[in-house]
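[1] pasting the structure only:
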């Protein structure tokens, strides 16, 4: 609908390209929209390194160790329920 996803991606891209702020930025969204967020980032901001934090507990644990712990990414997309339930992180 209203273009909220594209507006947020546009703002993050502006901060990255014009202000030199590489993040990381966190997108907290319902699970049903996470795939769409990833698709739209790939379409509108392909230069940003985006991590979609979902999967089994073991997959998330490996993702944290391999991609997130050292930094170097720009955007983290995570589901709302996972943020509220800290033991799943």
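    Okay, I see it. What you see is a predicted model, and the numbers here were worked out from it, not measured in a lab.
[2] all strands for this structure, in order.
    25-29, 50-53, 75-79 (DSSP state E).
[3] which sections of this protein are below the confidence cut-off?
    Applying pLDDT under 70 to the chain flags residues 1, 86-89.
[4] and stretch 70-77, what's buried?
    73-77 (16 or more other CB atoms under 10 Å). (C-beta placed from N, C-alpha, C; glycine too.)
[5] any chance of a markdown table for the strands of the chain, columns distance to residue 63?
    Output for the strands of the chain, formatted as a markdown table (distance: least, CB to CB, whole Å):
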| stretch | distance to residue 63 |
| --- | --- |
| strand 25-29 | 15 |
| strand 50-53 | 6 |
| strand 75-79 | 10 |
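[6] how close does residue 65 get to residue 30?
    For residue 65, the distance to residue 30 equals 26 Å [CB to CB, to the nearest Å].
[7] before we move on, what about residue 81?
    Taking CB to CB, one finds residue 81 at 8 Å from residue 30.
[8] ok, now residue 80?
    Residue 80 is 6 Å from residue 30, by CB to CB.
[9] these two: who's more crowded?
    Between residue 80 and residue 30, residue 80 has the larger neighbour count (other CB atoms under 10 Å), namely 13 against 9.
[10] list the contacts for the more buried one?
    28-31 (CB atoms under 8 Å, 6 or more residues apart in numbering).
[11] of those, buried ones?
    Using 16+ other CB under 10 Å, the buried ones in these are residue 29.
[12] just so I have it, where are all the helices in this protein?
    4-18, 31-44, 57-63, 80-84 (DSSP state H).
[13] so what's the gap between the shortest one and the chain middle?
    Meaning helix 80-84. Taking CA atoms, centre = their mean, to the nearest Å, one finds the center of helix 80-84 at 13 Å from the center of the full chain.
[14] what residues of it count as buried?
    Within helix 80-84, no residue qualifies as buried by neighbour count (16+ other CB under 10 Å).
[15] do the longest one as well
    Along helix 4-18, these residues count as buried under the neighbour rule (16+ other CB under 10 Å): 5, 8-9, 12-13, 16.
[16] quick one: list the elements packing against that helix.
    strand 25-29, helix 31-44 (3 or more CB pairs under 8 Å, 6 or more residues apart in numbering; DSSP states H and E).
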